[in-house]
Structures are given as structure tokens and as C-alpha cells.
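[1] 3D, please:
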Amino acid sequence: MDTSRFLSILPQFLILIPAAVSCYFAVYNQMRYTPFRTATLCLAVLLPYSFLGAWFATVLDFDVNIFLLPSLVLFFFLYRRTVLTDLPRCLAVYVGVCAVQTFPAQFAYAYDAFLHPVSGAADFSVKAAFFQLGLSCLIVAAFAYPAIHWFAPTVKRLNIPKIWYSTVFLSAIFLIFNMISVPFSYRTLHTGRLSYLFPLLECCALLLLVIIYVLFYQGAMLIQKHADLKEHSQLLEIQSHQYQTLKEHMRQTVRLRHDFRHSVRLLSSLAKKGDIKSIQKHLSGYETSLAENESPDFCDNAALNALFGYYYGIAVSRGINTVWHIQLPEHPDDAESDLASLFGNLIENAIDGCLTVPEEKRYFCLSIEVRQGNRLYIVSTNNFDGICHKDKDGYRSTKHRRKGIGLISINAVAEKYNGTAHIANNDKEFFADIFLNLTAPD
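    Numbering: from 1, shown residues only. This is a model prediction of the structure:
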């Protein structure tokens, strides 16, 4: 075996390791396993593959790309199994990393052409191979901070498949461009001004790709900000509705207190006459009037109480038999917005499910309790018509073919607070069991 060729090929396979590290930067908060277990699994696969691939390529005198390119497809399925994100986002991150990692190879070819002007890509030198590996590691280090602190939250929150597939297309353009622009003969790089135009072109291409990713990040942030503002606006609308309900309740209370003086005089007069039946009849009517104007309080937190009151009114008006037991602290600190999103999506989905069955059969049971100071437990049960769309990635919305946004939001909040969200159903009922640790958001 040609040792020199083996040493020039091995670093080209070992580049898979920093590339794998890059793939997990943008999804570090959506990893299926612990970082240590994921790293162990990747190294157990990539290290033997790199040495065996380098050995076969050396012995059989094959081009490295004959082994590497097909293996990228296989490694994608391995990557897909180690993260929790869906296919569009997973594919966008993976293809994006592959596109970026083609640039160290191009710069290494330019460096090798400088060292060996009469050689070619087929005789890639050991120095150039280690130059490529080192440059790949530097790029990984440079992209680590923005990928973890900027792109990871975007990947986690932005759930618009069309946008993610568009980034796959753009990254694939750069990936294919670098694959077809490999200088097989270094003599071409010394024709005219190509010796410096080639690396300059690659620098411009890399800069353009980075600019595209930055613009995508800014656009994604605007979309997410718009979604947050819309959700906040909906919450304010709910609070406004509850405020108007409370004002009406206060007006009714003032009227009842005013009328109560006349009731006292009437009761006094009836008592003097010993007319017990008339007293009971009047009191019964008065109790009914109070009950009709009573506004239920579900919790001490004003915003969440308004949300519960809003949806409770909708449920009652739709003939849904509601049995709610809600116990929440007055100030859930910074969790208020997240809890409003979770409860809103959960209750709205349950009400939508109830509306698919006849009015006399509708019911919705909801239990919310805080135990041990910070552990929030939510149990929801509602009936529906038994029709649902479900695949290996979870439930699909009955309104469209995509994954339900409400369920995605519920799962995201549960994950943020180191909790769990288990959604299940039988042919008559939907069940939701959710646990949150309110003091431990990521």
C-alpha cells in the first residue's frame, strides 16, 4: 500500500468529523440523545469509515469522491435519527453544512496547485490534505458561535417548510458549483490570471453564501417577530374581551345591589305576613339572577385568567360540557407568555375537536395543578368524531396537510421547560398529558 497516498486521502475522510460537529450546532437544543452519547455514536461510525474508506481508495486507486458522495446520503439518515427536528429543517442544516465544507477543499486545491504546479487533483498531496482538514476545523470554529446563538433558536421556532426547502435549494447550488469546479489539472490554474482568480472566486462565493445565510436569519427573525406580535395581539384581544365582560358584570352587580334594597323591603313585608312560599320564590329568582351574572375566576394571574375566561365562554356558548380544575400561581414569572401560548393552543384544539360531535354529546375536561412548588401538570380530555390524520412524525392538522402548528407550539413549550407533552387518542377521545418544570427553562 502506498503510505503517502493513504496519508493524503485519510484527512479528506476525516473532514467528516468537523462537518458532523457543525451539523449539531444549529440543532443543539433538539438533540435526541445527550451530547456525549451523540459524539460517541458519530465517532464510532465516522472513524472506522474514514480509515476503511482511505484504505480502499488507496488500494483500489479510486477517487475519494466515489466513496464520500454516496456516503453523505447514508450519513444524513444517521443524522436524522439523532435529532428531533422535522425533515425540512434537518435537510436545510445538513445540506448547508455540506455546502460550506466544500470550500476548504477548493482552497486546498489552490494551495496544492501552488506547491505542485504540474500535478493535479488526482495526486492530491499530503500537505494539501492536512491543509484542508485544518481549514475545515477553522471554519467550524468560526461558525460555532453564530450557529448556536443565532441559528439554533431560528431552527427551533421557525416552522415553515417552504422557507427551509428554499435554503436547501440555495445551498445545493453552491455545493454543486464547487463539485464541478474542481481543477483536475493544476496547469489550468496557471493559465493567464486563474492562479489568483480561482481562490478569489471561491472567497467571493463563500462570502456570498454567508451573506445569504445572514439575510435568511434576518428574514426568519422578522417572520418570527410578526408571529409573536400576532400571538401577543390575540392575547390582548382576549384580555380586552374579558375586561368588557368584567365591566358588564360590575354594572349588573351595581344594579343588583340597588335592587337589593327593594328586595329587603319586600322580604320584610312577606315575613310579617308569614308568606313563606312567596319568600322562597323571590329568593330563588334572586339566586338565579346572581348565577347568570357570575364571572368565574380560574386563577390569580390576570392575563391567564382572561384567557381561560375567554375560551370558557366560547365552550359554554357552543354547548360543551366543561369540567375545569385550574390551580396556578399568581405570578408565573417569565413563563406567562409561554403558558398563554400552551393553554391557548391546547384549549382551542380541544374545542375544535368537541365541535365535530353533536352538541348534546360534547365534553371537555381540563385539570391544571402545580405540585412541589414548580411542577406543572396538565391533563386534558375531550371527545371528537374519531377522524384524525397521523403519520410517523405525529398528528397532522385536519385543516391542511401540514403538521398542526398548535401541537408544535405545545411541544416546543414543554421542551423549553424540560418537560414532556404526550398527545394520544382513541376512536372517541383526545388525551393530552403535559408536564412542565416552571423554574428550569432552557
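[2] for Ile410, see how far away Phe435 is.
    Distance, Phe435 to Ile410, using CB to CB, to the nearest Å: 12 Å. In this view, the C-beta of every residue, glycine as well, is placed from N, C-alpha and C.
[3] which neighbours do these two share?
    With contacts taken as CB atoms under 8 Å, 6 or more residues apart in numbering, Phe435 and Ile410 have Ala421 as neighbours in common.
[4] need the mean per-residue confidence for the helix or strand containing Ile212.
    Ile212 belongs to helix 194-273 when assigned by DSSP states H and E. For helix 194-273, the mean per-residue pLDDT is 74.
[5] for stretch 122-134, same thing?
    Stretch 122-134 carries an average pLDDT of 88.
[6] which parts of stretch 31-43 are buried?
    Buried residues in stretch 31-43, counted by 16 or more other CB atoms under 10 Å: 38, 42.
[7] same thing with stretch 3-15?
    Residues 5-6, 8-15 are the ones in stretch 3-15 that count as buried (16+ other CB under 10 Å).
[8] rebuild the residues you listed as a markdown table, extending it with secondary structure.
    Converted to a markdown table, those look like this (DSSP: H, G, I helix; E, B strand; the rest coil):
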| residue | secondary structure |
| --- | --- |
| Arg5 | helix |
| Phe6 | helix |
| Ser8 | helix |
| Ile9 | helix |
| Leu10 | helix |
| Pro11 | helix |
| Gln12 | helix |
| Phe13 | helix |
| Leu14 | helix |
| Ile15 | coil |
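[9] follow-up on the earlier one: could you check which of Phe435 and Ile410 has the larger neighbour count?
    Set side by side, Phe435 and Ile410 show more neighbours around Ile410, with 23 against 17, by other CB atoms under 10 Å.
[10] the more buried one: what secondary structure?
    Of the three states, Ile410 takes helix under three-state DSSP.
[11] contacts only, for Met45.
    To be clear, residue 45 is Val; Met isn't right here. Applying CB under 8 Å, 6+ apart to Val45 gives the contacts 75, 78.
[12] which pLDDT value belongs to it?
    91.
[13] from Phe131, how far out is it?
    Using CB to CB, Val45 is found at 25 Å from Phe131.
[14] C-alpha coordinates for stretch 270-281, PDB please?
    Taking Å, rounded to 0.1, in the frame of the first residue of the first chain, the C-alpha atoms of stretch 270-281 are listed here in PDB:
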ATOM      1  CA  LEU A 270     -93.800  39.000  53.300                       C
ATOM      2  CA  ALA A 271     -92.200  37.800  56.500                       C
ATOM      3  CA  LYS A 272     -94.600  39.900  58.500                       C
ATOM      4  CA  LYS A 273     -97.500  38.300  56.600                       C
ATOM      5  CA  GLY A 274     -95.900  34.800  57.100                       C
ATOM      6  CA  ASP A 275     -95.900  34.100  53.300                       C
ATOM      7  CA  ILE A 276     -93.100  31.600  53.200                       C
ATOM      8  CA  LYS A 277     -93.800  30.400  49.700                       C
ATOM      9  CA  SER A 278     -93.500  33.900  48.300                       C
ATOM     10  CA  ILE A 279     -90.300  34.500  50.100                       C
ATOM     11  CA  GLN A 280     -88.800  31.200  48.800                       C
ATOM     12  CA  LYS A 281     -89.900  32.100  45.200                       C
END
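[15] please begin residue numbering at 59 from this point
    Yep, numbering from 59; the last one is stretch 328-339 now.
[16] buried stuff in it?
    328, 337.
[17] check stretch 258-273 too.
    Those would be 260, 263-264, 267, 270-271, for stretch 258-273 by 16+ other CB under 10 Å.
[18] equivalent analysis for stretch 428-445, please.
    Within stretch 428-445, the residues that count as buried by 16+ other CB under 10 Å are 428, 432, 434, 436, 438-442.
[19] and the end-to-end length of it?
    Length of stretch 428-445, first residue to last, CA to CA, to the nearest Å: 33 Å.
[20] mind listing residues that contact it?
    Taking CB under 8 Å, 6+ apart as the rule, stretch 428-445 contacts 385-387, 400, 404-405, 408-409, 411-412, 414-415, 419-427, 456, 475, 477, 483, 485-498.
[21] check stretch 126-135 too.
    Contacts of stretch 126-135 (CB under 8 Å, 6+ apart): 70-71, 74, 78, 103, 107, 111, 149, 152, 156.
[22] just the ones of the residues you listed in helices?
    Secondary structure from DSSP state H places 70-71, 74, 78, 103, 107, 111, 149, 152, 156 of the contacts of stretch 126-135 in helices.
[23] buried subset of those as a ChimeraX selection?
    Those of the ones in helices among the contacts of stretch 126-135 that count as buried under 16+ other CB under 10 Å are selected in ChimeraX with:
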select :70,71,74,78,107,111,149,152,156
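[24] sorry, back to before: any chance of the buried residues of stretch 428-445 in CSV with secondary structure, pLDDT and distance to Ile218 as columns?
    CSV is the format used below for those (DSSP: H, G, I helix; E, B strand; the rest coil; pLDDT from 0 to 100; distance: CB to CB, whole Å):
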residue, secondary structure, pLDDT, distance to Ile218
Val428, strand, 86, 34
Asn432, coil, 80, 33
Leu434, strand, 88, 29
Ile436, strand, 89, 27
Ser438, strand, 90, 27
Thr439, strand, 90, 31
Asn440, strand, 92, 28
Asn441, strand, 91, 32
Phe442, coil, 90, 27
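[25] show the pLDDT at the nearest residue to Val122 once chain neighbours are set aside.
    Closest residue to Val122 apart from its sequence neighbours, by CB to CB, 6 or more residues apart in numbering: Gln70 at 4.9 Å. Model confidence at Gln70, given as pLDDT, is 87.
[26] same question, the one 4 residues further on
    According to the prediction, Leu74 has pLDDT 91.
[27] could you list every residue that touches it?
    104, 107-108, 126, 133.
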